[in-house]
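J.: Quick check, what structure comes out for this input:
(one chain, ligands or ions: 1)
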Amino acid sequence: MMNYSSRPPEEPAVHAQDLTVVRGSRTVLRGLGFTVPRGRITGLLGPSGCGKSTLMRAVVGTQAKVTGTLDVLGRPAGHPSLRTRIGYVTQAPSVYDDLTVRQNLDYFAAILDPGRAAADRRHDNVTRAIADVDLTGHADALAGTLSGGQRSRVSLAVALLGAPELLVLDEPTVGLDPVLRRDLWQLFHDLAAERGATLLVSSHVMDEAERCHQLLLMRAGEVLADGTPEALRTRTGADTVETAFLRLVDEAAAAARTKESTR
Ligand SMILES: Nc1ncnc2c1ncn2[C@@H]1O[C@H](COP(=O)(O)OP(=O)(O)OP(=O)(O)O)[C@@H](O)[C@H]1O
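T.: Here you go, the predicted structure:
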């Protein structure tokens, strides 16, 4: 039989087992186990402070004091070979205010794909990334003159430049109006469907959960549940993921009380 790929198709993009992270003197992620399937959008949802950003930092390899197993695209998280295969957008847009949108992208493109011979390819990639995030009309505007939502989209365009296999996006839709939010989610779906990208997207807005293929619901440093939105609704008998989440929180609290009383 022909071997089309060196990796089995079922190998997940991210695999975590007993993943624990300590920040300062606090254990902020506690023995997490989960997988993120390839070519799908996985939503990381949970209240502020539950550990979403910490988990994303661990996946991209920028978090210290990580123990347990955390494999990303078949390598241990943080492996140097993963740098160009992962796009990461933090909550704080990382753009140069005194450069235009295009100059920002040109700068990062030159780092990713240096040399004169690559000039045409860089130009095409930059133009495509600007169009992807719907900023073509602002390509020559200084980043410092853009709105918060537009600046976040410049950061997203930078992450899209190298056509990464895994995109890790920390609350990418915060501060965006409903039309832009819808368009961005459409882009995420296109990236997964047409380019086969894997997306790990955090949000604390539960209605965004319905737009994901797969969910990881977090609370207080633990994964409360994972599965498709439909499976989570069915399992809890809820109409929405938000109600499902609240029922799971109540279930977990009741289980903790029972455990406590039987000690
Ligand atoms: N440098 C630090 N030292 C100690 N604790 C920290 C540090 N940074 C974050 N934490 C704690 O780690 C926990 C998880 O933070 P994290 O930023 O991962 O949460 P989050 O779910 O992404 O929150 P948000 O949605 O508000 O961004 C929080 O309780 C936070 O107080």
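
J.: Give me the buried positions along the helix or strand bottoming out on mean pLDDT in the chain.
T.: The weakest-scoring helix or strand in the chain, judged by mean pLDDT, DSSP states H and E, is helix 241-261 (a mean of 86). Within helix 241-261, the residues that count as buried by 16 or more other C-beta atoms under 10 Å are 241-242, 244-245, 247-249. (Glycine included, C-beta is placed from N, CA and C.)

J.: Equivalent analysis for stretch 187-204, please.
T.: Those would be 187-188, 191-192, 197-204, for stretch 187-204 by 16+ other C-beta under 10 Å.

J.: what helices or strands is the strand or helix carrying Ala119 leaning on?
T.: Per DSSP states H and E, Ala119 falls inside helix 119-132. The contact analysis (3 or more C-beta pairs under 8 Å, 6 or more residues apart in numbering; DSSP states H and E) places helix 119-132 against helix 101-112, helix 148-160.

J.: for these, which one sits closest to the ligand?
T.: Across the helices and strands packed on helix 119-132, the minimum distance to the ligand, taken as C-beta to the nearest ligand atom, is reached by helix 148-160, at 14.1 Å.

J.: Show residues contacting the closest one.
T.: With contacts defined as C-beta atoms under 8 Å, 6 or more residues apart in numbering, helix 148-160 is touched by 87-90, 93-95, 101, 104-105, 108, 129-130, 132-135, 138, 143, 146, 167, 169, 172, 174-177, 180, 184, 191.

J.: thinking in terms of the whole chain, how far from its middle is the helix or strand that that helix is followed by?
T.: Going down the chain from helix 148-160, the next helix or strand is strand 166-169, by DSSP H and E. For strand 166-169, the separation from the chain centroid amounts to 4 Å (computed by C-alpha atoms, centre = their mean, to the nearest Å).

J.: How about residues contacting the helix or strand containing Val179?
T.: Per DSSP H and E, Val179 falls inside helix 178-195. With contacts defined as C-beta under 8 Å, 6+ apart, helix 178-195 is touched by 39-41, 132-134, 149, 153, 156, 160, 163, 167, 169, 172-173, 176, 197-199, 201, 208, 211, 213.

J.: Give the burial count for Ile86, as a bare number.
T.: 22 (other C-beta atoms under 10 Å).

J.: what's the nearest residue to it if we skip its chain neighbours?
T.: Setting aside the residues directly before and after it, Ile86 is nearest to Leu166 in space (C-beta to C-beta, 6 or more residues apart in numbering), at 4.8 Å.

J.: sorry, back to before: including mean neighbour count, distance to the ligand and mean pLDDT, could the helices and strands packed on helix 119-132 go into CSV?
T.: What follows is those, written out as CSV (neighbours: other C-beta atoms under 10 Å; distance: least, C-beta to the nearest ligand atom, whole Å; pLDDT from 0 to 100):
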stretch, mean neighbour count, distance to the ligand, mean pLDDT
helix 101-112, 19, 24, 95
helix 148-160, 22, 14, 91
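
J.: got a markdown table for the ones you listed, with distance to Ala13 too?
T.: Formatted as a markdown table, the helices and strands packed on helix 119-132 follow (distance: least, C-beta to C-beta, whole Å):
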| stretch | distance to Ala13 |
| --- | --- |
| helix 101-112 | 21 |
| helix 148-160 | 15 |
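
J.: Could you list the contact residues of this protein toward the ligand?
T.: 23-24, 26, 28, 46, 48-54, 204 (C-beta under 6 Å from any ligand atom).

J.: at 5 Å instead, please
T.: By C-beta under 5 Å from any ligand atom, the residues of the chain that approach the ligand are 23-24, 26, 28, 48-54.

J.: Under a three-state scheme, what state does Gly144 occupy?
T.: What DSSP: H, G, I helix; E, B strand; the rest coil gives for Gly144 is helix.

J.: Could you pull up the contacting residues of it?
T.: Contacts of Gly144 by C-beta under 8 Å, 6+ apart are 97-98.

J.: any idea how far the ligand is from it?
T.: Counting by C-beta to the nearest ligand atom, to the nearest Å, the separation of Gly144 from the ligand is 24 Å.
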